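Q: here's my sequence, what's the structure:
(chains A and B)
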Protein chains: 2
Amino acid sequence: MKNYYKLDEWRIVEEGFQPEYHEAAESIFSLGNGKMGQRAMFEEKYSGKSLQGSYVAGVYYPDKTRVGWWKNGYPEYFAKVLNSVNWIGMDIRIDSESMDLFVNRPKQFVRVLDMKSGLLQRSFSYVSSTGKSLDVQVERFISREDDEIACIRYELKANEDMQIDWNTFVDAHVKNKDSNYDELFWSRISEQSGPDFGLVRAQTTKLNFEVCAAFHASLTCIDSAIEQVYTHSDWRADSSCSFKLAKGETAVLIKTVAVVSSLNYAKNELEAAAIRQLNLARQKGYDELKAKHVASWADVWKYADIAIEGDTAAQQGIRFNIFQLNQTYTGRDPRLNIGPKGFTGEKYGGSTYWDTEAYCIPFYLGTSDPAIARQLLVYRYKQLDKAIENAAKLGFTKGAALYPMVTMNGEECHNEWEITFEEIHRNGAIAFAIFQYALYTGDKSYLSEGGAEVLLGISRFWSQRVHWSERKKQFVMHGVTGPNEYENNVNNNWYTNYIAMWCLKYTAEVIGELKADKPDYYSAFAAKTNFQESELADWKQRWENMFYPSDEELGIFLQQEGYLDKEQRMATDLDPAERPINQHWSWDRILRSCFIKQADVLQGLFLFEDHFDKETLRRNFDFYEPRTVHESSLSPCIHVVQAAKLGYEQKAYELYLRTSRLDLDDYNKEVHEGLHITSMAGTWMAVVMGFGGLRIEKDLLSFAPMVPSKWKGFSFRVHYRGANILVRATEQGVSLSLEDKPQLRCKVYGKEVTLHQSQVFTTALQHA
Amino acid sequence: MKNYYKLDEWRIVEEGFQPEYHEAAESIFSLGNGKMGQRAMFEEKYSGKSLQGSYVAGVYYPDKTRVGWWKNGYPEYFAKVLNSVNWIGMDIRIDSESMDLFVNRPKQFVRVLDMKSGLLQRSFSYVSSTGKSLDVQVERFISREDDEIACIRYELKANEDMQIDWNTFVDAHVKNKDSNYDELFWSRISEQSGPDFGLVRAQTTKLNFEVCAAFHASLTCIDSAIEQVYTHSDWRADSSCSFKLAKGETAVLIKTVAVVSSLNYAKNELEAAAIRQLNLARQKGYDELKAKHVASWADVWKYADIAIEGDTAAQQGIRFNIFQLNQTYTGRDPRLNIGPKGFTGEKYGGSTYWDTEAYCIPFYLGTSDPAIARQLLVYRYKQLDKAIENAAKLGFTKGAALYPMVTMNGEECHNEWEITFEEIHRNGAIAFAIFQYALYTGDKSYLSEGGAEVLLGISRFWSQRVHWSERKKQFVMHGVTGPNEYENNVNNNWYTNYIAMWCLKYTAEVIGELKADKPDYYSAFAAKTNFQESELADWKQRWENMFYPSDEELGIFLQQEGYLDKEQRMATDLDPAERPINQHWSWDRILRSCFIKQADVLQGLFLFEDHFDKETLRRNFDFYEPRTVHESSLSPCIHVVQAAKLGYEQKAYELYLRTSRLDLDDYNKEVHEGLHITSMAGTWMAVVMGFGGLRIEKDLLSFAPMVPSKWKGFSFRVHYRGANILVRATEQGVSLSLEDKPQLRCKVYGKEVTLHQSQVFTTALQHA
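A: Numbers count the residues shown, from 1 in each chain, chains lettered A, B, ... in the order given. Next up is the predicted model:
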């Protein structure tokens, strides 16, 4: 699908309608506001292939686990992202025939996602089967400001006389594509129709979440309103009107929808809340709602935008990623998290993966108020009890916590033993995010507001998860899956061993500081968690005697013990017809090959770059990257950052292209299932940390920009401890402008400088 | 359930009815004749818990695979053992109330499985809710001789006057308990009722197997026949009669059933065939059918029996195992194999596991005509094409064959990657069975009638499955699961490496012999398989340079690389409350522990005992057995054989008890799901190879009996190259009697002797 969408700096543009790409486009043009989201299905009837998707954040379905062979410790359910009330629906009959773009293909079809303003627009000419022609313009948004409100403006212009029957509805009888046992996940509660609204309310058949959607439709034809008749029936509420539209006349329907859920209202108040929210929105009116929505997006872009000069494809790609991330998560609700597909599809279920900590938190820290990233930390703290229960199920004791691989409410959902029980490095990422938040913001308050408890649970887990090898006379960690999921059940994965020991050290340090600085908190903490000082000694024994596989001859860390026993091949040796190998090779063959799905040793060198010298990074990068097939969307970005640091400009740029337009160009041929939301944060890292060289070195923000030769330049803002720094790099030089703070010391190309709000700092561009 | 059944040398006896054990008893009292089988559900209505099970050999259902996360290479379906037409059914109304032993518990209930004659008998007194009392006697058999015929004799004796309405039926509307998507696996074809028979015919909804069951019921009351009225309705056919039974009178119903399937008849002849078989059986009559059935069992026992003196529990146990094995497989049909649950339950599906080659073939070789074991080899030859397809799916080329882990028709059914793709040692067992058959029978004809092709496919697989390690400068094999399924995805499992290289060597030897001895066959073979002499050189390179993990210090082979890095604990260290660990520990914990499910290194030393000296066996046994939890039913028997050889009498006897009465005493609390049929062959090995010391050493049968101190003695017959040798060992001495051959050289306690048909050879019992 490369080049399917027109290149444009701020907009995604589809010109001409191609049904075979419609499901993919539904994903690409998705809208969301952190509280609800919507795939870009057409409002009107569409009989072609479409993946229905209207999502309400936090409303999920615990679908009974499907498993080939049960293993002790597997979860009972997999939390499914839940397709909820269809609130966009309408049926427009032209001389009694439903408009259907699959039956009568539109002409001059243009679909535009305006990322600057968060608006989805569509225009086309349509000729019915009976030959009646009309022009259509549609605009839709889900308000960022009024976050339970969505609006559609649907305009018809007749090119000849016609009879229009326009039915507008909300419908709660929706199915999930992703259902283990093909069940309906919803049950009816009620429907209403009033003089000026229709409403449906439904409940999930498990967990009893309730969602209620109320709508109002107003139709204006040549300045006069056409009366709507509201009715309701099982599962749905409708409004209808019929009128004659004469040649040249225009009819405009405004559909205003309020979607509320039992997450935020008492169930018995849900219908009233929906009607109240709807009425408030109607008072504001479409134009005001839209203006506030657009203004809210302007606030986002002010800090989050990255401008790329001289490369429209790259510019569009990065903005698309930033846009989608901000559609998915706003940090307003600590019960929510960032699903790998956000509000764009059902696949992968769950909402929370280690992606959040490893990829998304740096993005939100860098582009927005730290409170947003902090909510993501709080989310994990609220689920600490469940993580302790989860570890206990696996046989761990004394408050050891293992966070789940996939979760909605803190309970594990994933059921492949090699992932669920073994891909435990996720625990490390969660601890690292706590460290990173404190480092980035300078705010250590979270440590005594939950952070230390999380760290303790995680460290207790690692402490029990390693064991003493009598043969090695060292501690070892067996039976893990590292970030590279193309290896399972390996012993002594370097990354996992390293981050585990780092967790022990960091937790000991945090506890030590709390004891010294906040003795009252420390006492309460120790009492609550039954923490014993002797635990620190146990941890120290482990981190001082841990086994780390490495190879002297090559001067590299080993992904796991025995990795060099594998047949060594390079990704470039692969027949392109065999790629991606995960679609062409049996699992057996993948596991036995040396090919790496995503950064593993290099993930460790990414997180702990400052623990190692540049030549160590280089040796490992030179060894591992050529063996890496980058078949995880989380892979290329890490390598971009490292390639940039090592001065491998071409490699950095090549990998950057894979990440920034992954979905727009549908590299993996799976966009129809939804977007890769969490990996989009990696793209941001690729630019800001890779090409911008952003690091924090001993509390100093540090930059070392390089400009890929295909670009004229680029600029980004980064939020850091109350300041915003606008960085612009071109071949002509690098400039840094400090905002929101009088002055800030930082490093540029390794040299300490002081930025002043009053003056732009400039320096020459250096080449690595 | 220990001691639930009464100890008896030839019979399994249940005295008193306990509904909580009924499903377990249904398994224990199962009947089968190799072509059909039947759990011991009651004929009459029973409203308590019951696992319905009427099975027709070879009729299965390819149930759509259920899997958590799909991996490339997984099969589309799992072949389910199919519950088929219920042919035992009847409904006996006493003064209008159905007799139901769950509602009105019987008195003097006795259920007997007479293993000598293959008859299932039941007697009890019953009092209806209205207080009517009667005595009941039931006898059932599935004819070994007329193998599409089953009979039930059901006798009622009234203790007061009563009205009886007796409905007898066949019913095709049956469900599987084991169904992935809770579907009905059958569809109706037709029903018939004639003047003297009822019939149903149904078809599986996939694969379209058809089964047809016809029955006749004759009821005699005080010597006069009561007329039956035959009717039919959807799915079923019935016969009914009503009569008055006066106090003291007896009514006897004989139900004769013919069950035929589309495996053996054209579909359009199926109904006629069922009626024909039924009529033939009726001509013979119950008594003649029964006499022939009993005679057929006598033939089995003549060669297969093991007599144990002075230990009734052990005697009953071993006969139960021999009985069930002979109920399951007769060798009459090369399309059939030996399911792990035989005809006693649905669990595990499929029909063919490596159990067949590793455990069952030695049993059939030792106890019956070699033609029976040979059928099991032919079965694999017929599926060679599928094994080649299976390997190709995984990326292997050039005619490499990987036999499936679980199969019905040669296609893989199992879908856990760590088993399906990795537990590849099954290929070794299949090759070993070919070797063993030739060794045991002296008949090498099978090698040129399919055997060599199978060996070639298997060796081509191994040759590709290993790879050269540049680091080790040896060939290695990565990513396997050995027989010990408590380790997954390990590198260099000693057992797998060893048997793989043995396969290469043996195949090379066989091909060399065929080239020398049967040049015509060799040419045809090489042409058909595209065999190149250069392959032999590749193989040799591998077997001469293979890596075998071992530990110098301990003088043992290592189960896999890194095994000694594990925390070393003994099974006796485990809290009994945690056992079996597979029911109490998470999979994660099991995998990381050193505990061994079943013989792994020791399985290799079992198969290749003659490659190693006794002290090597001892060191490995002493190391591994204490780490073995024996949580596979296939485990204890191997250890019995080795413990006996090493003179560990107590260990041998202790493990023997676990194996011989595994199901009778329900050690694993799962007998209600069916019996452990294939492991029963291991019990036979435990006695004959363990206590009898049977081996074949350079074409000589060899014995070294020992008598466990709890026994007075034991005797068994073994079939060997046309001769039968009756071996009896007691504290007083060992005797060997040769039958069916004038003389035979063999070894007793390592000394060569010549047996003569005319005289019994005796020698003193030696202690190890």
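Q: how about the residues of the stretch 251-400 of chain A by chain B?
A: A:Lys393, A:Leu394, A:Gly395 (C-beta under 8 Å from any C-beta of the partner chain). (Each C-beta comes from the backbone N, C-alpha and C, glycine too.)
Q: measure A:Glu553 to B:Trp468 for me?
A: Taken as C-beta to C-beta, to the nearest Å, the spacing of A:Glu553 relative to B:Trp468 amounts to 18 Å.
Q: again with A:Trp502
A: Using C-beta to C-beta, we find A:Trp502 at a distance of 36 Å from B:Trp468.
Q: higher neighbour count, the two?
A: The neighbour comparison of A:Trp502 against B:Trp468 (other C-beta atoms under 10 Å in any protein chain shown) goes to A:Trp502, with 20 against 15.
Q: the more buried one contacts A:Ala429, doesn't it?
A: No. Between A:Trp502 and A:Ala429 there is no contact under C-beta atoms under 8 Å: 11.2 Å.
Q: if we can go back for a sec, among the residues of the stretch 251-400 of chain A next to chain B, which are located in helices?
A: A:Lys393 (DSSP state H).
Q: output stretch A:496-513 as CSV - backbone C-alpha positions only.
A: Backbone C-alpha positions of stretch A:496-513 (Å, rounded to 0.1, in the frame of the first residue of the first chain) are rendered in CSV as follows:
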residue,chain,number,x,y,z
THR,A,496,16.8,-10.0,31.5
ASN,A,497,19.7,-10.9,33.8
TYR,A,498,21.0,-7.3,33.5
ILE,A,499,17.7,-5.5,34.0
ALA,A,500,16.8,-7.8,36.9
MET,A,501,20.1,-7.0,38.7
TRP,A,502,19.6,-3.3,37.9
CYS,A,503,16.2,-3.5,39.6
LEU,A,504,17.7,-4.9,42.7
LYS,A,505,20.3,-2.2,42.8
TYR,A,506,17.9,0.6,42.1
THR,A,507,15.4,-0.6,44.6
ALA,A,508,18.1,-0.8,47.3
GLU,A,509,19.1,2.7,46.4
VAL,A,510,15.6,4.1,46.6
ILE,A,511,14.9,2.3,49.8
GLY,A,512,18.1,3.7,51.2
GLU,A,513,17.2,7.2,50.2
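Q: and it, how far from the chain's centre?
A: Stretch A:496-513 has its C-alpha centroid displaced from the chain centroid by 28 Å (C-alpha atoms, centre = their mean, to the nearest Å).
Q: likewise for stretch A:244-256?
A: Going by C-alpha atoms, centre = their mean, where stretch A:244-256 is centred and where its chain is centred differ by 38 Å.
Q: start and end of it, how far apart?
A: 23 Å (C-alpha to C-alpha, to the nearest Å).
Q: likewise for stretch A:245-256?
A: Taking C-alpha to C-alpha, the span from the opening residue of stretch A:245-256 to its closing residue is 23 Å.
Q: swap in stretch A:234-252?
A: Counting by C-alpha to C-alpha, the length from the leading to the trailing residue of stretch A:234-252 is 28 Å.
Q: one more: stretch A:661-670?
A: Across its full length, stretch A:661-670 reaches 13 Å end to end, with C-alpha to C-alpha as the criterion.
Q: ditto for stretch A:579-594
A: Using C-alpha to C-alpha, first and last residues of stretch A:579-594 are 15 Å apart.
Q: how about that stretch and chain B, touching?
A: Yes. Judged by C-beta under 8 Å from any C-beta, stretch A:579-594 and chain B are in contact via A:Asn582, A:Gln583, A:His584, A:Trp585, A:Ser586, A:Trp587, A:Asp588, A:Arg589, A:Ile590, A:Leu591, A:Arg592.
Q: related to what we said a few turns ago, in a markdown table, list the residues of the stretch 251-400 of chain A next to chain B along with neighbour count, pLDDT and distance to A:Asn159.
A: Rendered in a markdown table, the data for those read as follows (neighbours: other C-beta atoms under 10 Å in any protein chain shown; pLDDT from 0 to 100; distance: C-beta to C-beta, whole Å):
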| residue | neighbour count | pLDDT | distance to A:Asn159 |
| --- | --- | --- | --- |
| A:Lys393 | 17 | 94 | 66 |
| A:Leu394 | 22 | 94 | 67 |
| A:Gly395 | 19 | 95 | 72 |
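Q: closest to A:Ser633 out of the residues of the stretch 251-400 of chain A next to chain B?
A: Closest approach to A:Ser633 among these (C-beta to C-beta): A:Leu394, at 28.6 Å.
Q: let me know whether that closest one touches B:Ile590 as I believe.
A: No. A:Leu394 sits out of contact with B:Ile590 when judged by C-beta under 8 Å, with a separation of 10.6 Å.
Q: and A:Lys669, what does it touch?
A: Residues in contact with A:Lys669 (C-beta atoms under 8 Å, 6 or more residues apart in numbering or on different chains): none are found.
Q: again, but for A:Ile372
A: Here A:Ile372 is in contact with A:Tyr329, A:Thr330, A:Gly331, A:Tyr364 (C-beta under 8 Å, 6+ apart).
Q: hang on, the earlier thing: so which of the residues of stretch A:579-594 next to chain B belong to helices?
A: Checked against DSSP H, those include these in helices: A:Asn582, A:Gln583, A:His584, A:Trp587, A:Asp588, A:Arg589, A:Ile590, A:Leu591, A:Arg592.
Q: show me which pair in these is furthest apart.
A: The most widely separated members of those are A:Gln583 and A:Arg592, with 17.4 Å between them, by C-beta to C-beta.
Q: how about the backbone phi and psi for the nearest residue to A:Asp196 once chain neighbours are set aside?
A: In space, A:Asp196 comes closest to A:His216 once its chain neighbours are excluded; the distance is 5.8 Å by C-beta to C-beta, 6 or more residues apart in numbering or on different chains. With angles defined as degrees, to the nearest 10, A:His216 shows backbone torsions of phi -130, psi 140.
Q: count the neighbours of A:Glu76 for me.
A: 11.
Q: report how many residues lie close to A:Ile178.
A: No Ile there; residue A:178 is Asp. A:Asp178, neighbours per other C-beta under 10 Å, totals 19.
Q: and it, how close does it get to chain B?
A: In this view, A:Asp178 and chain B are 12 Å apart by C-beta to the nearest C-beta, to the nearest Å.
Q: need the contact list for that residue.
A: By C-beta under 8 Å, 6+ apart, the contact list for A:Asp178 reads A:Asp63, A:Lys80, A:Val81, A:Glu346, A:Lys347, A:Gly349.
Q: mind running it again at 7 Å?
A: Residues touching A:Asp178, when contacts are defined by C-beta atoms under 7 Å, 6 or more residues apart in numbering or on different chains, comprise A:Lys80, A:Glu346, A:Lys347, A:Gly349.
Q: go ahead and list the helix or strand containing it.
A: Under the criterion of DSSP states H and E, A:Asp178 resides outside all helices and strands.
Q: A:Ser534 should be in a strand, yeah?
A: No. Assignment of A:Ser534 by DSSP: H, G, I helix; E, B strand; the rest coil gives helix, placing it outside any strand.
Q: around chain B, pick out the residues from the stretch 1-150 of chain A.
A: With C-beta under 7 Å from any C-beta of the partner chain as the criterion, the stretch 1-150 of chain A meets chain B at residues A:Thr65, A:Arg66, A:Val67, A:Gly68, A:Trp69, A:Lys71, A:Asn72, A:Gly73.
Q: so of those, which two are at opposite extremes in space?
A: Greatest spatial distance among the residues of the stretch 1-150 of chain A next to chain B (C-beta to C-beta): A:Arg66 and A:Asn72, at 17.2 Å.
Q: mind listing the strands for the stretch 151-300 of chain A?
A: In order along the chain, the stretch 151-300 of chain A carries the following strands (DSSP state E, counting those that start in this stretch): A:162-171, A:186-193, A:198-204, A:210-221, A:224-226, A:229-233, A:236-245, A:250-261.
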